[in-house]
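Novice: Only the shape, not the letters, is given here:
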């Protein structure tokens, strides 16, 4: 059967199904095995519990390997972050584009997003831009070759148009490195209360270097800690 990874991960959270599956895998293990690698399907919400039970069933350390999309580790991370945001009083809206921005000098006062019947105004002390680069549609190019950041209209650092193309199809695409220049706090010079994370940052060749997820997590962590510290000082 063609079972998607996230479906299999849900099955592993059924205790009866999990017990049968782990017993079947244990019976097939070769003699002398010292560490067991499985596809990343050992549960979603109950991953820690399922992983621990697998190690008990096999009497060996167990690790997971990335498999076909959708990414089960990515789904776990998303759900963990979602729960954290909600328990801290946050609100999540998915799929609504920013249609307007309120700006005073170098500060963003609020953004307006699409909603069911009207626009929704969201005011905040700080804003984190995580809309992605060229590949994620956070940066777009017009027919004349001008690159534009889509939410705050920030300038984009990129190679000139005559360097957009290469004779070698296996080399990283020059436009991958396009992004918004920032300081050490990941803030653009134009806006004091905006931070940039992920592939909207310049200088990466994330498809070739396989660094996209790592940069996204590391930059998000840095910005979250920086803003939390600044908020604590202000309080």
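Specialist: Looks like it arrived, so ask away. Everything numeric here is computed off the predicted structure, so don't read it as measured data.
Novice: Domain-wise, how is the chain divided?
Specialist: Following automatic domain parsing, the chain resolves into domains at 5-75, 125-234.
Novice: For the longest helix belonging to the chain, buried residues please.
Specialist: Criterion DSSP state H: the longest helix present in the chain is helix 212-234. Going by neighbour count (16 or more other CB atoms under 10 Å), the buried part of helix 212-234 is 212, 215-216, 219-220, 223, 226-227. Where you see a C-beta, it was placed from the backbone N, CA and C, and this is true even at glycine.
Novice: can you put these in a markdown table and add distance to residue 206?
Specialist: Converted to a markdown table, these look like this (distance: CB to CB, whole Å):
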| residue | distance to residue 206 |
| --- | --- |
| 212 | 4 |
| 215 | 7 |
| 216 | 9 |
| 219 | 12 |
| 220 | 15 |
| 223 | 18 |
| 226 | 22 |
| 227 | 24 |
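Novice: Show the contacting residues for residue 47.
Specialist: By CB atoms under 8 Å, 6 or more residues apart in numbering, the residues touching residue 47 are residue 76.
Novice: Please apply the same query to residue 141.
Specialist: Counted by CB under 8 Å, 6+ apart, residue 141 has contacts 134, 147-148, 175.
Novice: again, but for residue 124
Specialist: Here residue 124 is in contact with residue 110 (CB under 8 Å, 6+ apart).
Novice: And it, how far from residue 2?
Specialist: 44 Å (CB to CB, to the nearest Å).
Novice: Now do the SS call for the most far-flung residue of the chain relative to its centre.
Specialist: Ranked by distance from the centre of the chain (CA atoms, centre = their mean), the top residue is residue 31, with 39.7 Å. With DSSP: H, G, I helix; E, B strand; the rest coil as the basis, the three-state label of residue 31 is coil.
Novice: same check, this time on residue 110
Specialist: Applying three-state DSSP: residue 110 is strand.
Novice: what pairs with it across the strands?
Specialist: residue 102, residue 123 (DSSP bridges).
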